[in-house]
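Engineer: here's a sequence, model it:
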Amino acid sequence: NTKVFALGNITYNERKLSHITSRISGRIEEVFAFLQSKVKVDEPLLSLYSPEYLIFQSEYIQAEERVKRVKQIGDKEEEITAKAIYESARRKLEILGVNKEELSKLENTHIPESYLTIRAPFFGTIIENNAVQGNYIEQGSNLYKLADLTTLWIIADVYEKDIAQVETGEIVEIQATAYPNKIFIGNVVGIGDVLDEKTRTFKVRIEVKNLESKLKPGMFVNVSIESKSSIEALAIPVSA
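Structural biologist: Residues are numbered from 1 along each chain as shown. Just a heads-up that it's a prediction; the model follows:
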């Protein structure tokens, strides 16, 4: 096996990176998560007061009551219509991020919640925070940027002459200036198809586990790719 050496830059794993936006307009009542906060899946990030959210809840309660009434009457055609209205009202709340427990509580109590809770979609770290208590926000406002930093990507610049030796799945040794005596292990997960004409390099994407949180996005690293490929060449005797 031969080794391919390259320089790389650590960045976020884009599969585990999310902009959390508001799906409804309203006023931020309380903020629970801040910059660099580590949050779990479904953990509350903030609560939002929204008159529109109260209307959606009322529509859901009315739709659910209608389904019950129609079932008692036994009108099949009316029941189909009532169920369609109920599913539409339910979907509106689900799009806002209302979870199953909150929907079940609303069905049982018929008491609308005053505030909409915006929750974390996955485990991660808040790397950008625009949520301020008391601010009025519009639908689509960017509230947080959330990243799972337990796995990161490294974008390495591999020279044109070496790219044929690089394949997805190959093991990569990674060294960072901050940890001169430590070697991190990653894998090649993507190889670029476009040559940078100025540097004569291709972008190679490497994924690395970061369970100890030592590697940080923005760091420059040296990578050594364990190439399994071998380049065939024509052998000619020296005397020739």
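Engineer: rest of the way, CA atoms for contacts and neighbours
Structural biologist: Will do.
Engineer: any idea which helix or strand comes after the longest helix along the chain?
Structural biologist: In the chain, taking DSSP state H as the definition, the longest helix is helix 51-73. Counting by DSSP states H and E, the next helix or strand C-terminal to helix 51-73 is helix 76-95.
Engineer: quick revisit: send the alpha carbons of the longest helix of the chain over as CSV?
Structural biologist: Presented in CSV, the C-alpha positions along helix 51-73 are these (Å, rounded to 0.1, in the frame of the first residue of the first chain):
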residue,chain,number,x,y,z
PRO,A,51,-52.0,34.0,18.3
GLU,A,52,-51.8,31.9,15.1
TYR,A,53,-50.7,28.9,17.2
LEU,A,54,-53.8,29.3,19.4
ILE,A,55,-56.0,29.4,16.4
PHE,A,56,-54.5,26.2,15.0
GLN,A,57,-55.1,24.4,18.3
SER,A,58,-58.7,25.5,18.4
GLU,A,59,-59.2,24.3,14.9
TYR,A,60,-57.7,20.9,15.9
ILE,A,61,-60.0,20.6,18.9
GLN,A,62,-63.1,21.5,16.8
ALA,A,63,-62.0,19.0,14.1
GLU,A,64,-61.5,16.2,16.7
GLU,A,65,-65.0,16.9,18.2
ARG,A,66,-66.6,16.8,14.8
VAL,A,67,-65.2,13.4,14.0
LYS,A,68,-66.7,12.1,17.3
ARG,A,69,-70.1,13.6,16.5
VAL,A,70,-70.2,12.2,12.9
LYS,A,71,-69.2,8.7,14.1
GLN,A,72,-72.3,8.7,16.4
ILE,A,73,-74.6,9.7,13.6
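Engineer: show me what that helix is in contact with.
Structural biologist: Identification of contacts with helix 51-73 by C-alpha atoms under 8 Å, 6 or more residues apart in numbering yields 24-26, 78-79, 82-83, 85-86, 89-90, 92-93, 106-107, 110, 112-114, 116.
Engineer: what's near enough to touch Ile154?
Structural biologist: 8-11, 205-208.
Engineer: if we go to 6 Å?
Structural biologist: Counting by C-alpha atoms under 6 Å, 6 or more residues apart in numbering, Ile154 makes contact with 8-11, 205-206.
Engineer: which of those lies closest to Ala120?
Structural biologist: For the contacts of Ile154, the closest approach to Ala120 (C-alpha to C-alpha) belongs to Thr11, at 21.2 Å.
Engineer: and the closest one, which helix or strand is it part of?
Structural biologist: strand 2-12.
Engineer: quick check: mean pLDDT across that strand?
Structural biologist: In this model, strand 2-12 carries a mean pLDDT of 96.
Engineer: same check, this time on stretch 126-143
Structural biologist: On average, stretch 126-143 scores 97.
Engineer: that older thread, for the contacts of Ile154, pick the one with the most neighbours.
Structural biologist: Tallying neighbours with other C-alpha atoms under 10 Å puts Ile206 at the head of the contacts of Ile154, with 28 neighbours.
Engineer: mind checking the SS state of it?
Structural biologist: strand (DSSP: H, G, I helix; E, B strand; the rest coil).
Engineer: find the nearest non-adjacent residue to Ser114, please.
Structural biologist: Tyr49 (6.6 Å; C-alpha to C-alpha, 6 or more residues apart in numbering).
Engineer: bridging residues for that neighbour?
Structural biologist: When bridges are called by DSSP bridges, Tyr49 pairs up with Arg27, Tyr115.
Engineer: tell me which residues touch it, please.
Structural biologist: 26-27, 115.
Engineer: can you pick the most crowded of these?
Structural biologist: Neighbour max across those (other C-alpha under 10 Å) = Gly26, 22 neighbours.
Engineer: next one: that residue from Glu59, what distance?
Structural biologist: 18 Å (C-alpha to C-alpha, to the nearest Å).
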